[in-house]
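Trainee: Take a look and give me a structure for this.
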Amino acid sequence: MLTRFRRVLNLPPMTPERLHFSSLVVDMHCDTILAHISGERDITRRSRIGHLDLPRLVSGGVKVQVFALFPDPNRLKPGEFDRFVMNGCQVIKKICAQNRNRVGLALSPDGLKRIVRSGRIAIVIGVEGGHAVEGDISRLKRWFKAGVRVLTLTWCNSNELADASWDKNKPHQGLSALGKRAVRLMNRFGMIVDVSHSAEKTFYQAVELSTAPVIASHSGVYGLRRHNRNLKNRQLALLTQKGGVMGQVFLPSFLNSNPKRASVDDVLRSIDYVVQRFGPGVVGFGSDFDGFSGSLKGLEDVTRLPEITRGLVKMGYTETDIKKILGLNFVRVWEEVWAARAG
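Mentor: Now for the predicted structure:
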């Protein structure tokens, strides 16, 4: 609509930089909070290491950041996962309380919008890996009360809820009976179901079972890079049909068979691949920043996100479609998840 008004009034097109920083930019997945929890670095201060911190989020124009709490099963012992998640929620709340002029914890779509309108960054809490449930889905209610709004059903390991894409054994052939109950429970609360890392059968069963749209928070395109973590066209078609969204990942090995040659151009190519086949309403950003070592050429850290907007403008994308990709697609999904919850 704004583009049409500019044409009528004979106004110059908005510059890519202005378009980026005036848009609601959302990153659906980063692992940065783990560095803060471990004491590796204070993410409230600008750093020269890692991909992301609060000052660099501002420099990158990010308005909404999903922080993933990942209870690493290779480091934590059974019985420690729940405590890790609850402690992580407290850490994020403390960051928000001590930096209330810069960030706020978003517990609902309306809350997200209020925070963004106030000029602050909205933080959303996610948990990466249903193994953290340890077979006790009552934890989901406790986590929801603590502020968790996204659950990635699996990590690289299959768990009590579902099979993972990396696991060759596939013990459940998709969702387990407990996993199906977990999805229904998440729908009832208004917690977003995340199918990144899921095995194909898990993906299809979760998307079909969920009464609200789901996200694949940090995935890539199998049609361009044959990797088990990337989504095939059939998966993208179903995600589109059900109103979900894929967060385009920036992890080099998911973008290019030669990770050293991966660049921002691969990200743009992946986004364009999805849009050309399935429309602009099914793709967004899911950087996985600080979830991988090294960097992606042209997207070395979060401050380089405007390069994607520049690339999309150069490719001829409209302002309306760019804004969807930058973040409105995620907001729309969360609104639908929230509207579908019970009570």
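Trainee: Tell me how many other residues crowd residue 66.
Mentor: By other CB atoms under 10 Å, the residues close to residue 66 number 28. Quick note: C-beta positions are derived from backbone N, CA and C, even for glycine.
Trainee: Assign it to helix, strand or coil.
Mentor: strand (DSSP: H, G, I helix; E, B strand; the rest coil).
Trainee: With residue 43 instead?
Mentor: Under three-state DSSP, residue 43 falls in the coil class.
Trainee: who's in contact with it?
Mentor: With contact set as CB atoms under 8 Å, 6 or more residues apart in numbering, residue 43 has these partners: 32, 33, 35, 36, 50, 52, 53, 54, 95.
Trainee: Relative to the whole chain's centre, how far out is stretch 26-36?
Mentor: Computed by CA atoms, centre = their mean, to the nearest Å, the chain-centroid distance of stretch 26-36 equals 9 Å.
Trainee: now the end-to-end length of that stretch.
Mentor: With CA to CA, to the nearest Å as the measure, stretch 26-36 spans 21 Å from end to end.
Trainee: Can you give me the buried ones in that stretch?
Mentor: 26, 27, 28, 29, 30, 31, 32, 33, 34, 35, 36 (16 or more other CB atoms under 10 Å).
Trainee: Select from the residues you listed every entry located in helices.
Mentor: Those of the buried residues of stretch 26-36 mapping onto helices are 33, 34, 35, 36, per DSSP state H.
Trainee: May I have the predicted confidence score for the nearest residue to residue 14 once chain neighbours are set aside?
Mentor: Spatial nearest neighbour of residue 14, excluding adjacent residues (CB to CB, 6 or more residues apart in numbering): residue 319 at 6.4 Å. Confidence at residue 319, expressed as pLDDT, is 97.
Trainee: What about residue 319, how many residues nearby?
Mentor: Using other CB under 10 Å, residue 319 has 19 other residues around it.
Trainee: Same question for residue 320.
Mentor: By the criterion of other CB under 10 Å, residue 320 has 13 neighbours.
Trainee: Over to residue 100?
Mentor: With other CB under 10 Å as criterion, residue 100 counts 12.
Trainee: now it, what's its secondary structure?
Mentor: Recorded secondary structure, residue 100: coil (three-state DSSP).
Trainee: all numbers from here: first residue = 43
Mentor: Yes, from this point I'll number from 43; that puts the last item at residue 142.
Trainee: can you pull the pLDDT of it?
Mentor: Residue 142 is given a pLDDT of 98.
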